[in-house]
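Visitor: could you work out the structure for the sequence below:
(one chain, ligands or ions: 1)
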Amino acid sequence: MREKLVAGNWKMHGSLAENKALLDALVPQLASLKGASCAVCVPYPYLFQAQQALQGANVAWGAQNLSQHEKGAFTGEVSASMLVDFGCKYALVGHSERRALYGEDDATVAAKFVAAQKAGLTPILCVGETLAEREGNITEQVVARQLDAVLAVAGVAGLAKSVVAYEPVWAIGTGKTASPEQAQAVHAFIRAKVAEASADVAAGLVIQYGGSVKAANAAQLFSMPDIDGGLIGGAALSAEEFVAICRAAQ
Ligand SMILES: O=C(CO)COP(=O)(O)O
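Guide: Okay, the predicted model is just below:
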């Protein structure tokens, strides 16, 4: 049985003081979380603070991106091994904001996925369609293309050691959450596609939903058979909201 994972993506939010208040609230409230896992993916400058605050706690941590390169003359970039130095367990790869705003194509995302795994990180591979793609009825084609790019370089064995997050772009930050049925349909498609390569990997693959998940809608989303938790944006910045969402995953 898959254990649900709820991960908070803080995006470009936070300060040392705000983070301390949030992390100091999360640690005790999530200490009793059972039957589900949780994590926070913080901006690079706060990885040390997260490591200090969460060491030994029931909350893992990770990054929101990484370089596809191991080391070298890549000014401003951060490597997978640097994330490991700060105790990261996870690294988001291919978030729609990276794809849309920073031109990350499928091949780059796939290379980041491999780099993360090579260093021992668990990549959280973000996939999802834009509103135009959904309205054009090509959601499955888009998600399949994004998955195929990773399968081509990492294989289904690589996916086995990863998490997939389905995040319809039109639901991110908009308050327009996908209905549980809409999300379940794409999650089932993802699982069926992976099952073409390996039924075992598909059965064990954690597929998170992301896109305006809130405490009020989390339980209904997480009740769907192929939704294994959530990747949380705005609601992750509120201890009360994030704890409630994590508890809904138990
Ligand atoms: O992008 C997301 C998580 O990676 C979702 O953001 P929201 O929860 O704010 O819609």
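
Visitor: how deep is residue 78 tucked in, by neighbour count?
Guide: For residue 78, the neighbour count with other C-beta atoms under 10 Å is 16. Glycine gets a C-beta too; all of them are placed from N, C-alpha and C.

Visitor: all strands of the chain, in order?
Guide: In the chain, the strands defined using DSSP state E lie at 4-9, 36-41, 60-63, 90-93, 122-127, 163-166, 206-210, 229-232.

Visitor: which other helices and strands does the third one contact?
Guide: What it means is strand 60-63. The elements that strand 60-63 packs onto, with contact taken as 3 or more C-beta pairs under 8 Å, 6 or more residues apart in numbering; DSSP states H and E, are strand 36-41, helix 47-54, strand 90-93.

Visitor: distance of residue 120 relative to the ligand?
Guide: Plainly put, residue 120 is 22 Å away from the ligand if you go by C-beta to the nearest ligand atom, to the nearest Å.

Visitor: right, so the strands of the chain: which one is the most enclosed?
Guide: Compared across the strands of the chain, strand 229-232 shows the largest average neighbour count, a mean of 29 (mean count of other C-beta atoms under 10 Å).

Visitor: one step back: would you turn the strands of the chain into a markdown table with distance to residue 199?
Guide: Below are the strands of the chain laid out as a markdown table (distance: least, C-beta to C-beta, whole Å):
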| stretch | distance to residue 199 |
| --- | --- |
| strand 4-9 | 21 |
| strand 36-41 | 24 |
| strand 60-63 | 28 |
| strand 90-93 | 25 |
| strand 122-127 | 20 |
| strand 163-166 | 16 |
| strand 206-210 | 15 |
| strand 229-232 | 21 |
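
Visitor: okay, these in TSV with mean pLDDT and distance to residue 219 next?
Guide: Compiled in TSV, those are given as follows (pLDDT from 0 to 100; distance: least, C-beta to C-beta, whole Å):
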stretch	mean pLDDT	distance to residue 219
strand 4-9	98	11
strand 36-41	98	12
strand 60-63	98	22
strand 90-93	99	23
strand 122-127	98	22
strand 163-166	98	18
strand 206-210	98	12
strand 229-232	98	11
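
Visitor: can you list these in JSON lines and add distance to the ligand?
Guide: Output for the strands of the chain, formatted as JSON lines (distance: least, C-beta to the nearest ligand atom, whole Å):
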{"stretch": "strand 4-9", "distance to the ligand": "4"}
{"stretch": "strand 36-41", "distance to the ligand": "8"}
{"stretch": "strand 60-63", "distance to the ligand": "12"}
{"stretch": "strand 90-93", "distance to the ligand": "7"}
{"stretch": "strand 122-127", "distance to the ligand": "7"}
{"stretch": "strand 163-166", "distance to the ligand": "7"}
{"stretch": "strand 206-210", "distance to the ligand": "4"}
{"stretch": "strand 229-232", "distance to the ligand": "4"}
